[in-house]
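Undergrad: Quick one, fold the following:
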Amino acid sequence: MTPSAVRVALLLPLSGRNARLGNAMVNAAQLALFDLADDRFELLIHDTKGTPEGAAEAAALAIGDGASLILGPLLSASVTAAAPAARAANVRVVAFSSDRSVAGQGIFTMGFFPGAGVRRVVTFARSRGILRFAALAPESEYGTTVVEALRRAAEAVGAVVTRVETYDPFEGDFAAVVRRLAQYGARRQALMAQRSALEAQGDEIARQTLRRLERLQTVGDLPFDALMVADGGKRLQSIAAHLPFYDVDPAKVRMLGTGQWDEPGIGAEPALVGGWFAAPPPDARADFVRQFLQVYGHKPPRLATLAYDATALAAVLARTDGGPDFSARALTAPSGFAGRDGIFRFLPDGVAERGLAVLKVLPRGFEVIGEAPETFQPVTE
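TA: Okay, here's the model as predicted:
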């Protein structure tokens, strides 16, 4: 007698604005099937059309097709829309959203959460002697989340946040906010006053001091030892370029980033070279990128590993002794799972916890300066 099939649904936007990402994630899931699934495992692929309505319809179709686990959707609104049908059918969902609010009551989400990365890099920075932190963050939900996480993380390790500046992410010109952060006007005025006093003094010691001051834009130390810039892409590059201009010296102030720094090429901006940020360990992902490139002929988008790891997790749990086990207890195994983005596990609230490394920005690439853990600590209530 042939064993019955194990059906798992994958809900992704295969049409609409995010179709390119959705199709790449399907390709990543197919790689996981090839690597880990047995002949009984069936992956049912459904198009959410990139809308909440499409996600709700896809979830209903998947459940009707006999899916015993749903992977996806991608965006938080789609997860929320798909959740009622899944809960009614007692089918667990492993979503790809980075919105913590969608998790719980049978919904698990394995996105990359900014708070975890902030805690990791702040704890690492404190171990290197950094006590005073500042932040530049966009006026957005993401920026607010990062700043709140920075304050909590600093307090937890006996450090302080001494300055926070926010900006309109759609402004385009970030000179004003960097100038405010740097207290450039007051520090520049202090330099001019010191020069005037020395010129009035007129002796040889004053003249020697004046010559040294000629190389300076400002005087006076900044009230922070590390600056977290909570942005990525072109905005990050633009903000970073203004920092040395307003005398925030990367040689004196450690630049810190979030997971948005985990993109190739950011070391092209000199002010970011030497900066630190937390991210999944790069080695396992590098192997995935090579495999994906070999099979599909192009590099995968950053989020493709989520689909690979979720499908791999489903394939492993489908082969559990005694039959497939997609229960909440199995999904929240305290020891967690090994994935292409390092180890991860789902906490009882449905949110993924990850083992993160600390990376240093190089002119071309990154260097691991804080190794990711290989095992998890026991879950604390």
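
Undergrad: Which stretches in the stretch 201-350 of the chain count as strands?
TA: According to DSSP state E, counting those that start in this stretch, the stretch 201-350 of the chain carries its strands in the segments 226-229, 254-256, 276-279, 337-339, 342-346.

Undergrad: just how off-centre is the last one within its chain?
TA: Offset of strand 342-346 from its chain centre (C-alpha atoms, centre = their mean, to the nearest Å): 14 Å.

Undergrad: and the next element down the chain from it?
TA: Downstream of strand 342-346, the first helix or strand assigned by DSSP states H and E is strand 352-354.

Undergrad: I'd like the strands of the stretch 201-350 of the chain laid out as JSON lines, including distance to residue 144, mean pLDDT and mean neighbour count.
TA: Every residue, glycine included, has its C-beta placed from N, CA and C. Shown next, in JSON lines, are the strands of the stretch 201-350 of the chain (distance: least, C-beta to C-beta, whole Å; pLDDT from 0 to 100; neighbours: other C-beta atoms under 10 Å):
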{"stretch": "strand 226-229", "distance to residue 144": "13", "mean pLDDT": "98", "mean neighbour count": "26"}
{"stretch": "strand 254-256", "distance to residue 144": "17", "mean pLDDT": "98", "mean neighbour count": "23"}
{"stretch": "strand 276-279", "distance to residue 144": "19", "mean pLDDT": "98", "mean neighbour count": "27"}
{"stretch": "strand 337-339", "distance to residue 144": "29", "mean pLDDT": "96", "mean neighbour count": "19"}
{"stretch": "strand 342-346", "distance to residue 144": "25", "mean pLDDT": "96", "mean neighbour count": "21"}
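
Undergrad: Same list (the ones you listed) but as JSON lines, adding distance to residue 353.
TA: Output for these, formatted as JSON lines (distance: least, C-beta to C-beta, whole Å):
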{"stretch": "strand 226-229", "distance to residue 353": "21"}
{"stretch": "strand 254-256", "distance to residue 353": "21"}
{"stretch": "strand 276-279", "distance to residue 353": "13"}
{"stretch": "strand 337-339", "distance to residue 353": "11"}
{"stretch": "strand 342-346", "distance to residue 353": "5"}
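
Undergrad: Tell me which of these lies nearest to residue 110.
TA: Of all the strands of the stretch 201-350 of the chain, strand 342-346 sits nearest to residue 110, with 6.5 Å by C-beta to C-beta.

Undergrad: Next up, the contacts around the nearest residue to residue 292 once chain neighbours are set aside.
TA: Nearest residue to residue 292 in three dimensions, chain neighbours excluded: residue 300, at 4.4 Å (C-beta to C-beta, 6 or more residues apart in numbering). Going by C-beta atoms under 8 Å, 6 or more residues apart in numbering, residue 300 touches 24, 27, 28, 288, 289, 292, 293.

Undergrad: Residue 48 now?
TA: Residues counted as contacts of residue 48 (C-beta under 8 Å, 6+ apart) are 11-14, 22, 54-55, 58, 72-74, 78, 82.

Undergrad: can you do 7 Å?
TA: 11, 12, 13, 54, 55, 58, 73, 78 (C-beta atoms under 7 Å, 6 or more residues apart in numbering).

Undergrad: Tell me which entries of the residues you listed lie within strands.
TA: If you go by DSSP state E, the contacts of residue 48 have 11, 12 in strands.
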